[in-house]
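> next input, structure requested:
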Amino acid sequence: MQDKKLNLTMIMDLYELTMSNGIFNSEMRDTVGYFDMFFRRVPDKGGYAIMAGLEQLIEYMNKLEFTEADIEYLKSLSLFCDDFIDYLRDFKFCCDVWAVPEGTVIFPHEPIVTVRGPIIQALMVETMLLLTVNHQSLIATKANRIVRAAAGRPVMEFGARRAHGYGAAYYGARAAIIGGCTGTSCLLTAKDFGVKASGTMAHSWVQLFDDEYTAFKTYAEKYPDSCMLLVDTYNVLKSGIPNAIKVFDEVLKPLGKRPLGIRIDSGDITYITKKARKMLDDAGYSDCKICISNSLDEYLIRDMIFQGACADSYGVGERLITASSEAVFGGVYKLSAVEKKGEVIPKIKISENAAKITLPGVKIPWRLYDRETGKAIADVITLGHEKIDSSEPYEIFDPNHTWKRKIATNFVAKKLQVKIFEKGKQIYESPAVKDIAKYCAEQVDSLWDEVTRFENPHTYYVDLSEELWSLRNSLLNKLRIKE
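Residues are numbered from 1 along each chain as shown. Below you'll find the model as predicted:
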């Protein structure tokens with residue numbers, strides 16, 4: 001892919017370098033900063049999201065360097081001092097990075113990526129960190145919704161031609177696999193990440209021939225072991241299905257082969273699939289699968305299943321690869337602490353919008369699981385030095401309505417983040433995409449059904465430890481502007 005040949009270091013907002021230049025020439029130069037990436041709202045008013053994009057973030061951080069062409073361009077802006085330009089010329093990434101593994105179920109306000117390092121370096125990675133994790137997490141979350149709507153029927157990602165650029169097609173397909181899709185039509189993604197390439201034929205194939213029967217016959221002769229015919233170029237029930245059955249009888253049956261299936265891409269899908277199923281069954285092809293496509297999403301798939309559509313699999317394109325119901329994932333990257341002469345000083349951002357007030361300090365997100373059911377009870381964010389002892393009862397409480405409290409017992413506490421970089425050196429190996437997808441499915445299964453429903457899902461609680469809650473409130477009171 002062309003992106004692999006590009007130096008992506010300069011995919012950053014200008015202010016990251018102007019701020020860094022200012023810090024470079026100030027007493028803050030040797031300050032160590034802590035930044036958290038988190039998101040504030042689950043897309044589509046859902047109950048949870050899926051973490052994705054970490055592998056590409058790792059690749060980016062491993063290749064951070066400014067080329068001479070980059071240096072010359074930055075010099076031409078006349079914004080940076082010579083010493084800072086020299087610093088960029090010899091730049092070497094040396095931050096510590098922690099992240100929630102890909103495929104993990106994630107919730108608003110908990111840190112999913114944490115960066116600790118020289119404040120200048122921690123600032124520089126903001127843009128690429130956000131665009132990488134935001135994009136793939138958005139697509140993985142959408143894909144998982146669609147896959148759940150399909151209720152065990154395979155969903156294939158068919159959206160490359162509708163994606164917002166080739167990078168979005170390539171990485172979006174990867175994210176869709178993490179979310180649960182069984183394959184992708186994007187060959188480059190399939191090749192590079194070792195996943196299944198899926199596809200049938202286009203209407204143009206049928207149109208190329210003098211008639212539909214000849215088009216089907218030629219295709220079946222070329223691909224007798226994987227014959228799936230697109231039957232809606234002219235008329236599904238009067239032409240497409242009868243011609244498909246004729247080809248199955250005349251070409252595949254004499255070879256001892258069975259058809260893989262048919263695909264329907266238009267019309268009243270529910271009605272047509274019911275009629276198509278009966279026609280195929282009556283002709284002796286009850287094993288012939290019916291795949292449907294045509295601008296599908298989780299709601300259409302769910303409704304068609306409810307209405308009795310006879311579909312065995314789904315090819316989902318534009319509404320998946322663009323996450324058309326939500327424009328962005330909405331992750332943000334905020335300073336949470338600074339370290340001066342070994343002392344960690346928590347920082348907080350206050351806003352008129354209460355949802356935008358940040359959590360201060362160095363933090364660890366935990367997940368509590370019920371030992372008997374394996375289901376997730378709640379997440380808890382603690383300060384970095386705190387431990388959650390699974391052998392003792394642990395009180396959790398709603399950080400906004402503190403009188404709502406619960407004593408958790410018979411649980412297992414698991415840290416959500418793992419260390420990815422130590423002083424700029426990668427110490428974590430990304431799993432294969434297939435393994436991430438399997439892990440993701442297990443993660444979703446750990447949630448109660450009430451959390452996974454599409455409409456009005458139960459709120460999964462992300463609680464704060466008493467110590468973190470107290471720290472946040474003390475800083476709010478300290479920094480409050482008195483009228």
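
> list the buried residues of stretch 50-67.
50-58, 60-61, 64, 66 (16 or more other Cβ atoms under 10 Å). C-beta coordinates here come from the backbone N, C-alpha and C atoms, glycine included.

> now secondary structure too, for those, in JSON lines please.
Output for the buried residues of stretch 50-67, formatted as JSON lines (DSSP: H, G, I helix; E, B strand; the rest coil):
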{"residue": "50", "secondary structure": "strand"}
{"residue": "51", "secondary structure": "coil"}
{"residue": "52", "secondary structure": "coil"}
{"residue": "53", "secondary structure": "coil"}
{"residue": "54", "secondary structure": "helix"}
{"residue": "55", "secondary structure": "helix"}
{"residue": "56", "secondary structure": "helix"}
{"residue": "57", "secondary structure": "helix"}
{"residue": "58", "secondary structure": "helix"}
{"residue": "60", "secondary structure": "helix"}
{"residue": "61", "secondary structure": "helix"}
{"residue": "64", "secondary structure": "coil"}
{"residue": "66", "secondary structure": "coil"}
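
> angles on the backbone of residue 99, please.
Backbone torsions of residue 99, given as degrees, to the nearest 10, read phi -150, psi 160.

> burial count for the residue nearest to it when sequence neighbours are not counted?
The spatial neighbour of residue 99 that comes closest, neighbours along the chain excluded (Cβ to Cβ, 6 or more residues apart in numbering), is residue 113 at 4.6 Å. Other residues within reach of residue 113, judged by other Cβ atoms under 10 Å, total 25.

> per-residue confidence averaged over the lengthiest strand in the chain?
Secondary structure of the chain per DSSP state E: the longest strand is strand 331-340. Strand 331-340 shows a mean pLDDT of 96.

> who's in contact with it?
31-40, 111-112, 114, 116, 119, 126, 129-130, 133-134, 137, 344-347, 349, 358-363 (Cβ atoms under 8 Å, 6 or more residues apart in numbering).

> and which of the buried residues of stretch 50-67 is nearest residue 154?
residue 50 (18.5 Å; Cβ to Cβ).

> isn't the closest one up against residue 180?
No - judged on Cβ atoms under 8 Å, residue 50 makes no contact with residue 180 at a distance of 9.0 Å.

> overlap in contacts of the two?
144, 440.

> the residue most central in space within the chain: which element?
Geometric centre of the chain, nearest residue: residue 137, 2.2 Å, by Cα atoms, centre = their mean. Using DSSP states H and E, residue 137 sits in helix 126-149.

> which SSE is immediately downstream of that helix?
Following helix 126-149 in sequence, per DSSP H and E, is strand 155-157.

> following element in sequence after that next one, please.
With DSSP H and E, the next secondary element past strand 155-157 is helix 166-179.

> can I get that next one as CSV, trimmed to CA atoms?
Written as CSV, here are the backbone C-alpha positions of helix 166-179 (Å, rounded to 0.1, in the frame of the first residue of the first chain):
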residue,chain,number,x,y,z
TYR,A,166,-7.8,4.3,-0.2
GLY,A,167,-6.4,4.5,3.3
ALA,A,168,-9.9,4.4,4.7
ALA,A,169,-10.8,1.4,2.5
TYR,A,170,-7.7,-0.5,3.5
TYR,A,171,-7.7,0.1,7.2
GLY,A,172,-11.5,0.3,7.4
ALA,A,173,-11.7,-3.3,6.1
ARG,A,174,-9.2,-4.3,8.7
ALA,A,175,-11.3,-2.7,11.4
ALA,A,176,-14.5,-4.4,10.0
ILE,A,177,-12.8,-7.8,10.4
ILE,A,178,-12.0,-6.9,14.1
GLY,A,179,-15.6,-6.0,14.5
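
> from the contact counts, what lies against the next helix-or-strand element following that helix?
Of the helices and strands lying after helix 166-179 in sequence (DSSP H and E), the nearest is strand 183-184. When contacts are defined as 3 or more Cβ pairs under 8 Å, 6 or more residues apart in numbering; DSSP states H and E, strand 183-184 packs onto strand 155-157, helix 166-179.
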